[in-house]
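Student: No sequence on hand, only this structure:
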């Protein structure tokens, strides 16, 4: 509502200038996402519909490649194992069977030949009968196997046995020369099958060795690709997330915004783009707020000065005698105008510090004198609450390189906060510690108040931040600590809230020393 009233009202040209600056900054920072329509800003999302190779697709493609390599290796090994099993089956079912059959046939032929010779020598009928039985068994043996078609010798033997009449007479039976030719023919077949067994065994070994080699190479390739791709994806995600984390931490620490540079079209790239757009909006709104505060401070300071001077004239009795009750109300009004003036001064200062670098008038200054002067200024507030102050420092002078006025403002801010939250009849301690290894002076202000909740400690130095408990206890704008941090950082020092305090709060900051300090000695 405040924006609308000031924006359309005629007597506020400065605010129109601030609004124009805000629009111009948004146009420069976000030309693709913000459009002006009838004096109002509207967010226009990007209307691009290009193909996006997102993180999910990248991971899916990576998994598909690994699965493809795995299945290729598995199929190749399966085919190799199938060939080995098929070859071993042929060796067992064909080659070994033929070798065994030829051996049985040769043994039977030798027994037949032996019985024929015994019959010719001894003339005993049982040898002739045994010879005929051997021929009969041989006929059954050869005729009952299908493998004979793979052996020329067995095929010829089966034909000869079928054509001969072994039951007629001894003359019709094959003689030694015929038996010898049969044995030679079957022996050649036997040697052929033995050679074939050896050849197929060698083929199985070669096929197994080849499968083992390619399987090992495939495993190494899959491992290398998996590790390389996983490392690349991990590095990419870590780098992108590190950039996002860096940008988010800078925003959370109230530091200067810097755009995140992630050149990718996936979800991380879109997140970085959204973060940059958010940061640009925050910068534009911060500039708008700073311009508004500056304009408001200038516009209010003049009538506020008139009000304060008018109250002073009334208090001095220029317009007539002031009664006691009227004087009390005038004092309240004067105090409130003074408080409002101080608030405007702080608002202008924080606005100036947010958009400009702090100009320091550095000079060699006694640290003890700075603290003593600040304690003297805060003494009326301390006496009103019956709060004692204690300075702990080395007896030898400690000098720092600092802007005296700005450092006194920091001390007064810290001491003022300590006085606000310290209970009556307590003590506020100021400790000066020389950090010889850092060439810095550490200043700590400790109170015995309720302390700061753990969940709010990380926000205490943010501008305009005030904790929930603080709002109930005292008034303020939440600017003192933010201004103090900018002043100390401009001095190349640090300011922080010490977590080691068991009771109350301890705020510390450091300043650079100007000379080699003597050994610290607490008093």
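Tutor: In hand now; what should we look at? Computed from a predicted structure; not experimentally measured. Numbering: from 1, shown residues only.
Student: Model confidence for residue 474, exactly?
Tutor: At residue 474, the predicted lDDT confidence score is 58.
Student: Same check on residue 407?
Tutor: The predicted local confidence for residue 407 is 91.
Student: repeat for residue 495
Tutor: 93.
Student: partners of it in the sheet?
Tutor: Beta-bridge partners for residue 495, by DSSP bridges, are residue 509.
Student: Please shift the residue numbers so they start at 635 in all later answers.
Tutor: All right, first residue 635 from here; so that's residue 1129.
Student: how about it, what does it touch?
Tutor: 1044, 1095, 1118, 1119, 1122, 1123, 1141, 1142, 1143, 1144 (Cβ atoms under 8 Å, 6 or more residues apart in numbering). Every C-beta, even on glycine, is put in place using the N, C-alpha and C of the backbone.
Student: The closest residue to residue 948 other than its chain neighbours: what's it in contact with?
Tutor: Nearest residue to residue 948 in three dimensions, chain neighbours excluded: residue 964, at 6.0 Å (Cβ to Cβ, 6 or more residues apart in numbering). Residue 964 is in contact with 945, 948, 949, 956, counting by Cβ under 8 Å, 6+ apart.
Student: How many neighbouring residues does the second one have?
Tutor: Residue 948 sits with 17 neighbouring residues when counted by other Cβ atoms under 10 Å.
Student: Checking it next. Helix, strand or coil?
Tutor: Secondary structure state of residue 948, per DSSP: H, G, I helix; E, B strand; the rest coil, is helix.
Student: Thought residue 955 was touching it, still the case?
Tutor: No. Counting by Cβ atoms under 8 Å, residue 955 is not a contact partner of residue 948; they are 10.6 Å apart.
Student: ok, back up a step: which one of the contacts of residue 964 sits in the busiest neighbourhood?
Tutor: residue 945 (20 neighbours).
Student: what separates whichever strand or helix holds it from the chain centre, distance-wise?
Tutor: According to DSSP states H and E, residue 945 maps onto helix 901-949. Mean C-alpha position of helix 901-949 versus that of the full chain (Cα atoms, centre = their mean, to the nearest Å) differs by 37 Å.
Student: as a whole number, average confidence for that helix?
Tutor: Here the average pLDDT along helix 901-949 is 80.
Student: list the helices and strands that helix packs on?
Tutor: On a contact count with 3 or more Cβ pairs under 8 Å, 6 or more residues apart in numbering; DSSP states H and E, helix 901-949 meets helix 647-663, helix 810-886, helix 958-989.
Student: now the angle from the longest one to helix 901-949?
Tutor: The one in question is helix 810-886. With axes from the mean of the first three to the mean of the last three Cα atoms, to 10 degrees defining the directions, helix 810-886 sits at 10 degrees from helix 901-949.
Student: and helix 810-886, how far from the chain's centre?
Tutor: Remark: helix 810-886 is offset 37 Å from the chain centroid, using Cα atoms, centre = their mean.
Student: who does it touch, helix- and strand-wise?
Tutor: Looks like helix 810-886 contacts helix 689-724, helix 731-756, helix 786-797, helix 901-949 (3+ Cβ pairs under 8 Å, 6+ apart).
Student: closest one to residue 837 among these?
Tutor: helix 689-724 (6.0 Å; Cβ to Cβ).
Student: mind listing what's buried in the closest one?
Tutor: Buried residues in helix 689-724, counted by 16 or more other Cβ atoms under 10 Å: 689, 692, 696, 703, 707, 714, 717, 718, 721.
Student: quick one: which of these is nearest to residue 1050?
Tutor: Looking across the buried residues of helix 689-724 and measuring by Cβ to Cβ, the closest to residue 1050 is residue 689, at 51.3 Å.
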